[in-house]
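A.B. asks: Just to be clear, the model below is a prediction. Sequence and coordinates:
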Protein chains: 2
Amino acid sequence: MHQETNILFKKVSSSEMNKVRQKKQLLSLLRTHGSASAPDLSKWLKTSLPTCIVLLNDLINSGYVKNFGIGESSGGRKPNLYGLPEDGFYVISCDLARFSATIVIVDCYHKFVTPVLEIDTHIDDPHLVDKMYEAANQLITGHNIPNEKIFGLGVDMPGLINSKIGINYTIKDKKRQNIGRDLRQRFNKHVYIENDARMHAFGEFYFGSAKGYKDAIIIHWSWGLGLGIFINGQLCSGKNGFAGEFSHIPIVENGELCICGKRGCLETIASSNTIMRRVREGIADKEISSLISQFQDHPDKVTPEDVINSARLGDEFCISILNEVGTAMGKGLSYIIQLMNPEVIVLSGPLSKAKQYILSPIQQSLNRFCLEKISESTQLIISDLGDQSALLGTSEMIFQKVFTEMNLL
Amino acid sequence: MHQETNILFKKVSSSEMNKVRQKKQLLSLLRTHGSASAPDLSKWLKTSLPTCIVLLNDLINSGYVKNFGIGESSGGRKPNLYGLPEDGFYVISCDLARFSATIVIVDCYHKFVTPVLEIDTHIDDPHLVDKMYEAANQLITGHNIPNEKIFGLGVDMPGLINSKIGINYTIKDKKRQNIGRDLRQRFNKHVYIENDARMHAFGEFYFGSAKGYKDAIIIHWSWGLGLGIFINGQLCSGKNGFAGEFSHIPIVENGELCICGKRGCLETIASSNTIMRRVREGIADKEISSLISQFQDHPDKVTPEDVINSARLGDEFCISILNEVGTAMGKGLSYIIQLMNPEVIVLSGPLSKAKQYILSPIQQSLNRFCLEKISESTQLIISDLGDQSALLGTSEMIFQKVFTEMNLL
DNA sequence: GCAAGATAATAAAAATTTTTATAATCTATT
DNA sequence: AATAGATTATAAAAATTTTTATTATCTTGC
């Protein structure tokens, strides 16, 4: 499987380089298509059928590709199908959220091959790297995954992250900011770290409601407002990987103080924080509401999900809160729509569960703040992917990196 | 020069296709580099030197490439240099502004080979196509340009434009909206139409202050606020080509009525319109100002340029207007910076001439409305390209299209 | 001014890839 | 069921490309 030739002293000819490039492309094609016939692959690869078959046989001999048997035909000889072995490639995907992390091992068919393990940590935890390493090892040994078949580790986390150099500038201890380097040293594998909002978006773009689009906006709507932007099918990271700071665009002139230190950020009027503040105000003002009578003795126990549920049951107070928050989000989205003219906007995350209670105020805001010709061509969708969009997105991202950077010599 | 083989009946082999692809790449490389040696070209093309030389000789025999003689060496035999013949390729570039158009013929070295002709027309002129055709012919015949060496026509104009299908939705007469088709019929050449802001941006990105960057924002600042967005080196057009509607993002709650029908758009507080309104108000309020005393008898003669000039001469009233407008623009830019994290923002157009009078209020706004970590990494530059960025950008765009789509069989 | 090292061009040999032809296998139609 | 048409696989021939070797030409340093 793994050739032991010392490539440092081996002169690599340009035709050999080209072969390697083509093989990587084949692996990528097989991963995205699941399985494919040699004639199809040769067309996609823009090479002749015989060379394509030679390349495939090479890959089969290296153990990277498997013959999947005979496929269907629309008239004519049935083709041999080729694909990646399910047990050939794995990556570790880790979603590091505000107060806990989840980690899982994923195969090349986006399948979780272990349970999702929870880790009690956060980005400023001094033992973060050790805890992740321990959890990963627990998964590896507990499920008999051959370590050499794990090709990389991907981690998404909140913060201002430059994924090119693996630094999270939001980590308080400067010595720990280069978390990419630390993880690489500990795991001795390809390591990529990315911003959580972008990885949620990656998941939605490849497996969720934004699948098939080229210009898509994905919002992960929770305590913050995570934004992922896809343009021409490419994730937009910006110069330093700081793109997508949707939470802190200024919306309200001299508005409420935000955790970022500025005033009137979108986050102050369109996030879970806003909902909680309005609930507290409601309790103080003794508003009439089933939610409030239910929680008035322990107001700190209310969650945004409770508000959504009460709205569904017809609670006017909760409906009006969601209405308010949706209106604000709609105004924020109108900026993005006018600047980017996306095909689709996908709302994901806990708050997107409010569905029509949040969709219709958003749409009203769009009607108010966008030029009709632009907004009418943008679809607004609630995600149906579920909570693991970040784990899925992160694993997809590492696979893409691994398949372009792996050593096939 | 032009082979007359009927390609409709000629079976094209895949190796021939590949050769054509490589030849097109060579032409593009030669155009962007001016001239180059065969060894360099072979490296860029990822092919061996002998094949590269064969391809070059083919192109020379077709008349598309010229031997430029012998170049410099850093030790070793001097290389032959190859390049495009200056008189080999031309395009027509037309910049259709609000009340007049300019048109010029450009060679493959971005050189204007004719004077810039002005045409008295606008997008809703029913004789637009005829006037453009006439003007183009005047240039062609007046300067002895062989018509068959003109490979395309590019036109930029204001409006909501889908360049893929060549439609400008802002043209009032629906029958005339498909201006791309109409021009193609009349000129019988490759025709591309694009939005003016994006073509100003294209000029800046390839020849102006945004040259060399990958994530750039270019503002054409005049009566409207034209925005061009480059991400990963690619122009962002959006689903329908409506991306970049910066003028009409909502900034002021219940603000002034905008020409678009909405209230409080950025255009109402940060464009030349704003300056003119403030001048009118100043005249009504009898503000103390050299500009006002100069123009109080014919206030309709004031131009934004006059305001900028007066500011330069120390006129406090004019300085305060520019300050106000700059502050507003800064707020608008803060949205883009936080969403896109660009490397550079280039300000072009008439209002950018106000230089420091507009830069420092913008910077102050950025400091106020952006997260420091994001805004500190964005450069803010005033363009030095001059007025013909759109003609340059448009010609560059057609050349790119022509060189990828031309028939080299 | 000459030798040593460097770069470029070219020719011939070697390797690789594409074509073409043929065989194998299948669907659909009669 | 037989046949025609279609698709895939493979083998051999033809074409193309890359390598390698050689020659030409130039810069630099002594």
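C.D. replies: Good, I have the coordinates. Numbers count the residues shown, from 1 in each chain, chains lettered A, B, ... in the order given.
A.B. asks: Whichever residue of the stretch 301-409 of chain A sits closest to DNA strand D in helix, strand or coil?
C.D. replies: Using CB to the nearest atom of the strand, the single residue of the stretch 301-409 of chain A nearest to DNA strand D is residue A:409, 13.5 Å away. (C-beta placed from N, C-alpha, C; glycine too.) For residue A:409, the reduced secondary structure class is coil; criterion used: DSSP: H, G, I helix; E, B strand; the rest coil.
A.B. asks: can you give me the mean pLDDT across the top helix by length along chain A?
C.D. replies: Longest among the helix segments of chain A by residue count, using DSSP state H, is helix A:316-340. For helix A:316-340, mean pLDDT rounds to 95.
A.B. asks: do the helix or strand following it and chain B meet?
C.D. replies: Once the chain leaves helix A:316-340, the next helix or strand it forms, by DSSP states H and E, is strand A:344-348. No: Strand A:344-348 stays out of contact with chain B when judged by CB under 8 Å from any CB of the partner chain, the minimum separation being 8.6 Å.
A.B. asks: go on, stretch A:365-373?
C.D. replies: Yes: residues of stretch A:365-373 contacting chain B under CB under 8 Å from any CB: A:368, A:369, A:371, A:373.
A.B. asks: among the residues you listed, which one has the lowest pLDDT?
C.D. replies: residue A:373 (87).
A.B. asks: What residue in the stretch 151-300 of chain A comes nearest to chain B?
C.D. replies: Closest approach of the stretch 151-300 of chain A to chain B (CB to the nearest CB) occurs at residue A:238, with a separation of 2.6 Å.
A.B. asks: Wasn't that residue part of a strand?
C.D. replies: No: with the criterion set as three-state DSSP, the secondary structure at residue A:238 is coil rather than a strand.
A.B. asks: Pretty sure it sits against residue B:336.
C.D. replies: No: between residue A:238 and residue B:336 no contact is recorded; they are 10.6 Å apart, counting by CB atoms under 8 Å.
A.B. asks: Can you list phi and psi of residue A:75 for me?
C.D. replies: Dihedral pair for residue A:75: phi 120, psi 100, per degrees, to the nearest 10.
A.B. asks: burial count for it?
C.D. replies: The burial metric for residue A:75, expressed as a neighbour count using other CB atoms under 10 Å in any protein chain shown, is 4.
A.B. asks: cool, and the one 3 residues further on?
C.D. replies: Neighbour count of residue A:78, defined by other CB under 10 Å: 11.
A.B. asks: Enumerate every residue touching it.
C.D. replies: Taking CB atoms under 8 Å, 6 or more residues apart in numbering or on different chains as the contact definition, residue A:78 lies against A:70, A:71, A:72.
A.B. asks: Now do the SS call for it.
C.D. replies: When states are read from three-state DSSP, the local structure at residue A:78 comes out as coil.
A.B. asks: buried set for stretch A:370-381?
C.D. replies: Within stretch A:370-381, the residues that qualify as buried are A:370, A:371, A:374, A:375, A:377, A:378, A:380, A:381, counting by 16 or more other CB atoms under 10 Å in any protein chain shown.
A.B. asks: The fifth one reaches residue B:240, doesn't it?
C.D. replies: Yes: under the criterion of CB under 8 Å, residue A:377 makes contact with residue B:240 at 5.5 Å.
A.B. asks: Mutual contacts of those two, please.
C.D. replies: Going by CB under 8 Å, 6+ apart, residues that sit against residue A:377 and also against residue B:240 are residue A:341.
A.B. asks: do stretch A:58-70 and DNA strand D meet?
C.D. replies: No: among the residues of stretch A:58-70, none lie within reach of DNA strand D under CB under 7 Å from any atom of the strand; the closest is 7.7 Å away.
A.B. asks: got a list of contacts for the lowest-mean-pLDDT helix or strand in chain A?
C.D. replies: Least confident element among the helices and strands of chain A, by mean pLDDT, DSSP states H and E: helix A:290-295 (a mean of 79). Contact with helix A:290-295 is made by A:279, A:282-283, A:286, A:301-302, A:306-307, A:310, A:313, A:315, A:317-318, as judged by CB under 8 Å, 6+ apart.
A.B. asks: Among these, which pair sits farthest apart?
C.D. replies: A:286 and A:313 (20.1 Å; CB to CB).
A.B. asks: Around the closest residue to chain B within the stretch 301-409 of chain A, how many other residues sit close by?
C.D. replies: For the stretch 301-409 of chain A, the residue positioned closest to chain B under CB to the nearest CB is residue A:341, at a distance of 2.6 Å. Counted with other CB under 10 Å, residues neighbouring residue A:341 total 24.
A.B. asks: State the pLDDT value of the residue of the stretch 151-300 of chain A closest to chain B.
C.D. replies: According to the per-residue confidence, residue A:238 scores 94 in pLDDT.
A.B. asks: Which residue, other than its chain neighbours, is closest to it?
C.D. replies: Spatially, and ignoring its direct neighbours in sequence, residue A:238 is nearest to residue B:341 (2.6 Å; CB to CB, 6 or more residues apart in numbering or on different chains).
A.B. asks: same deal with residue A:245?
C.D. replies: Setting aside the residues directly before and after it, residue A:245 is nearest to residue B:338 in space (CB to CB, 6+ apart), at 4.1 Å.
A.B. asks: Show me where the stretch 51-200 of chain A has its helices.
C.D. replies: Under the criterion DSSP state H, counting those that start in this stretch, the stretch 51-200 of chain A contains helices at A:128-142, A:179-187, A:196-207.
A.B. asks: now for these, which one comes closest to DNA strand D?
C.D. replies: Of the helices of the stretch 51-200 of chain A, the one closest to DNA strand D (CB to the nearest atom of the strand) turns out to be helix A:196-207, at 26.3 Å.
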